[in-house]
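[1] the following block contains a protein sequence and its predicted model.
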Amino acid sequence: MGKIAAVASLTFLESVRKRVFLVLVSFAVVVLASGLALPSVDDLSRFKVIQSWCLRSISFFGVLIAIFLSATAIPDDIEEKKIFTLLTKPLSRLQYLLGKFVGYSLILAVFLLGTGLLSWGYIRWSERELFPGRDMLRAGEVMPAGMFALSHPLESAGSVDLNLLPSAPAVYWMRCSRENHAAWTFYNVTRETFGNSDDDDPQAEVELDLTLAVEGPWGMSSNDVSILVSSPNHPRTIVMEPVRLRYNQTVRVAFERDKMLPPHALTTLTVAVRQFTPMGGLGVAADSLVLRLKPTAGGFEINLACALLLAFAQFYVVLGLTLLASARLSGPVSMFLGFFLLLAGSMVSFLGDTMGVLDATIASQGGVDDGAHVHHDPDDISPAVLELSRVVVKGVLYLIPDLGRFDVSDILLKGGRVPFTRVFHDLGYALLYCMISLLLGWLLLNDRELK
Amino acid sequence: MDAAIRAVDLTKDFTDFWGRPKNRALDRLTLDIHRGEVFGLLGPNGSGKTTSMKLFLGLLYPSAGRAEILGRDPTDISAKQYIGFLPEESYLYRFLNAEETLDFYGRLFRMPRKERKRRGEELLKLVGLWDVRKRRLREYSKGMARRIGFAQALINDPQLVILDEPTSGLDPIVSRQLKDLIGELKSRGKTVLMSSHLLADIQDVCDRIAILHLGVLRRVGSVEQLLTIPDLSQVTVKNLTPELEAKLRALLGEAGASVSAVSHPSETLEDLFLKTIRESAGGQNRGGR
């Protein structure tokens, strides 16, 4: 341990004194501060841009630092022959590699802590400047519907792209009608779990988030809907109309809590959505509508901490992989590989979709079995080719880390709660990638001759 | 005598990217270096000196044959507890100062803080860098860098010190200091393996030498044994007059021996240079630049 700590502290010190680190850190701070100057329509969007800007800059610069520092780590030591004096001491190559890794992790942790605190202060300060006296940074969990129903057997979405992927939630299309509606029912709802203000505030509201695929008149990507809320205590339906929706963008709508929910009692709430204009269509799914639970104090801070932890997990993965490359390759090549992985890692979710398309195509090309032979459509792609592409895509999916999963800024912007299970799961994923990378890096380094 | 380093048919082929042999850097080297001796590896550039050292230290792996260092395999890190190594060019961490450098290397031996401090001070005084211990290594001259490199090789008070070209590129004064240090190590019973292509350096300090050329061991033995010409003897006489010389020649001729040359012994250039510098500095030794 002592030897690893010695190499780690040396690596830490070396990185801090490297010009590239200082340049990147100062640049990151300048970029963070420039969030306020970004153009935006109103104060609310400006505020959201600032939050997303902070998180994304931290993640971006952290990854850059991880790549720049670790790609040159081992090649520099070898090229400058510093490694000769290290490895002729009682220091194994594994201890050397781990020391480097721990040193860079420390650097990234310090970077994350610094920029995280800076961002937190900056976001809180912007909140005070833009919305004096108001609490804009709330975060609460959401409640999914217990049941989802459509009023008519609607047009099936079999031909719609969104439904082609078996992994995507089923989307049903309601077309050109004010009669059809989709309804989400929430069971065992109590007044105490909802509200955007104090429990005894008669003005408290229940908020709901609505995200639909929308097709407007003449193929536009926005449309208007009506929203109807009812409960057994309040059979009179509250109608909100029109509410403007954009394609797959979440809209937050609120209704009066105390009217719909009796105090200290369980009840059922039904929210229905129907088209306001008789043109275009709506793509609805079971999870298109969720109710927001009461935000908790400090929810934003917990969320931010989770987001930073996930950013760290991402740095870890990039660090491990770049270090693995630098165990064998030169600095510039390792750096190139690091950037390539960064790019590919951000596209893994896209590859996952491709996988789904391939699976669907293979499933749909089963052919017709007449008892003696299986007949295939001559236009079909050969099953062998499809199978091969499937294996290749799957292999690539296993090899390249999914970096997109570490980005939770969307959840943060919507005021949702980053689920702890997700954080643990993603941290485990990063740790696993790191351990495998380090193991391979050690094998490569052990095998390497130091000429 | 117990061998500090043993090579048996040690061979190293360097290969190209595809693993095809490119050139043979060392060819079936068989050699024992005894404990307590100063051993010199001599040879022109590219003769396999550094390659052999790297094989002894486990930095390179042999293509054939085997090497042992202090009775262990070169890749066994437990042996390195007792070894000190000065590479050909002592590239160290340039952002550290001399004190921090020695402290860092001491930590790799799990030396306690107090011990590192004591040993660091002792070594910095030994190599004459105590006064500049707070200066970053990037500001050091080549000679100073060499001396701190030497100090780091001795941080663990090693039983075996391996020095690759310890005096190359150094001025005669620093070079002399390093050679004196090697002599001191020998007097303390340490084993020293050094390589050089500077013949005088090797002759000055080594007990035994090996001459390598094109990866092949050409000669091995004690310096005296290799340099002595058995059928020639030298008599050094003060104030030899021509008359006395004629008498001596006659006497030797009568006894059946012939005089092959009479000359005035001269100082080596190194001795002359060092004497001049010492006189000019008023007999004081120079510290760091």
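    That came through fine. These numbers come from a predicted model, not from an experiment.
[2] within range of chain A, give me the residues from the stretch 151-289 of chain B.
    Those residues of the stretch 151-289 of chain B that sit near chain A, judged by CB under 8 Å from any CB of the partner chain, are B:152, B:156, B:162. To be clear about C-beta, it is placed using only N, CA and C from the backbone, and glycine gets the same treatment.
[3] three-state assignment of residue 50?
    Assuming you mean chain A. Using DSSP: H, G, I helix; E, B strand; the rest coil, the three-state assignment for residue A:50 comes out as helix.
[4] make CSV from the residues of the stretch 151-289 of chain B next to chain A and add secondary structure and pLDDT to it.
    Compiled in CSV, these are given as follows (DSSP: H, G, I helix; E, B strand; the rest coil; pLDDT from 0 to 100):
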residue, secondary structure, pLDDT
B:152, helix, 92
B:156, coil, 91
B:162, strand, 94
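[5] please identify the helix or strand for residue B:10.
    Counting by DSSP states H and E, the element that carries residue B:10 is strand B:3-15.
[6] pLDDT (mean, whole number) over the helix or strand hosting residue B:101?
    In this structure, residue B:101 sits in helix B:98-107 according to DSSP H and E. Looking at helix B:98-107 alone, the average pLDDT works out to 93.
[7] now stretch B:234-252
    Stretch B:234-252 comes out with an average pLDDT of 86.
[8] tell me what the strand holding residue B:10 is packed against?
    Here strand B:3-15 is seen to pack against strand B:21-34, helix B:49-56, strand B:64-69, strand B:191-196 when contacts are counted using 3 or more CB pairs under 8 Å, 6 or more residues apart in numbering or on different chains; DSSP states H and E.
[9] out of these, the one nearest residue A:111 is which?
    Comparing the helices and strands packed on strand B:3-15 by their distance to residue A:111 (CB to CB), the top pick is helix B:49-56, with 37.2 Å.
[10] where does the closest one sit relative to the chain's centre, distance-wise?
    14 Å (CA atoms, centre = their mean, to the nearest Å).
[11] can you name the residue of the stretch 101-250 of chain B nearest to chain A?
    residue B:107 (3.7 Å; CB to the nearest CB).
[12] return the set of buried residues in the helix or strand where residue A:100 lies.
    Per DSSP H and E, residue A:100 falls inside helix A:93-130. Buried residues in helix A:93-130, counting neighbours by 16 or more other CB atoms under 10 Å in any protein chain shown, are found at A:93-108, A:111-112, A:115-116, A:118-120, A:122-123, A:126-127, A:130.
[13] repeat that for stretch A:336-349.
    Within stretch A:336-349, the residues scored as buried using 16+ other CB under 10 Å are A:337, A:338, A:339, A:341, A:342, A:344, A:345, A:346, A:348.
[14] what segments of chain A are strands?
    Shown for chain A, the strands assigned by DSSP state E span residues A:142-144, A:147-150, A:172-175, A:181-189, A:205-210, A:213-215, A:222-231, A:234-246, A:251-256, A:267-275, A:281-284, A:289-292, A:368-369, A:374-375.
[15] any idea how many residues pack against residue 175?
    Answering for chain A, as no chain was given. A count of nearby residues for residue A:175, using other CB atoms under 10 Å in any protein chain shown, gives 15.
[16] wait, I meant chain B there
    Residue B:175 has 22 nearby residues by other CB under 10 Å.
[17] list the contacts of it.
    Residue B:175 makes contact with B:167, B:201, according to CB atoms under 8 Å, 6 or more residues apart in numbering or on different chains.
[18] gap between the spatially most central residue of chain B and residue A:84?
    The residue lying closest to the centre of chain B (CA atoms, centre = their mean) is residue B:194, at 3.3 Å. Using CB to CB, to the nearest Å, residue B:194 is found at 16 Å from residue A:84.
[19] cool, and residue B:171?
    Between residue B:171 and residue A:84 the distance is 24 Å, computed by CB to CB.
[20] who has more neighbours, the two?
    Summary of the neighbour comparison: residue B:171 and residue A:84, criterion other CB under 10 Å, with residue A:84 having more neighbours (23 against 14).
[21] excluding sequence neighbours, find me the nearest residue to that one.
    With CB to CB, 6 or more residues apart in numbering or on different chains as the measure, residue B:87 is the residue that lies nearest to residue A:84, at 4.3 Å, once sequence neighbours are left out.
[22] in contact with the one you found, which residues?
    Residue B:87 sits in contact with A:81, A:84, A:85, B:149, B:164, where contact means CB under 8 Å, 6+ apart.
[23] need the buried ones from those residues selected in ChimeraX.
    This is how ChimeraX selects the buried members of the contacts of residue B:87, with burial counted by 16+ other CB under 10 Å:
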select /A:84,85 /B:149,164
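[24] just to revisit the earlier point, neighbour-wise, give me the winner out of the residues of the stretch 151-289 of chain B next to chain A.
    residue B:162 (29 neighbours).
[25] who does that one bridge with?
    When bridges are taken as DSSP bridges, the partners of residue B:162 come out as residue B:85, residue B:193.
[26] same list, the contacts of residue B:87, but as a markdown table with distance to residue B:137 and pLDDT please.
    Output for those, formatted as a markdown table (distance: CB to CB, whole Å; pLDDT from 0 to 100):
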| residue | distance to residue B:137 | pLDDT |
| --- | --- | --- |
| A:81 | 14 | 86 |
| A:84 | 16 | 90 |
| A:85 | 12 | 90 |
| B:149 | 10 | 90 |
| B:164 | 19 | 90 |
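[27] ok so, going back, of the residues of the stretch 151-289 of chain B next to chain A, closest to residue A:182?
    Nearest to residue A:182, judged by CB to CB, of these is residue B:152 at 74.5 Å.
[28] can you name the residues of the stretch 1-150 of chain B sitting close to chain A?
    Residues of the stretch 1-150 of chain B lying close to chain A by CB under 8 Å from any CB are B:14, B:54, B:57-61, B:77-78, B:80-81, B:83, B:85, B:87-93, B:95-96, B:104-105, B:107-110, B:149.
[29] list the contacts of residue A:277.
    Residues in contact with residue A:277, defined by CB under 8 Å, 6+ apart, are A:216, A:217, A:223, A:224, A:242.
[30] ok, and the most crowded of these?
    For the contacts of residue A:277, the largest neighbour count, defined by other CB under 10 Å, is 23 neighbours, found at residue A:223.
[31] tell me if I'm right that that one and residue A:213 touch.
    No: the pair formed by residue A:223 and residue A:213 falls short of the contact definition of CB atoms under 8 Å, at 10.1 Å.
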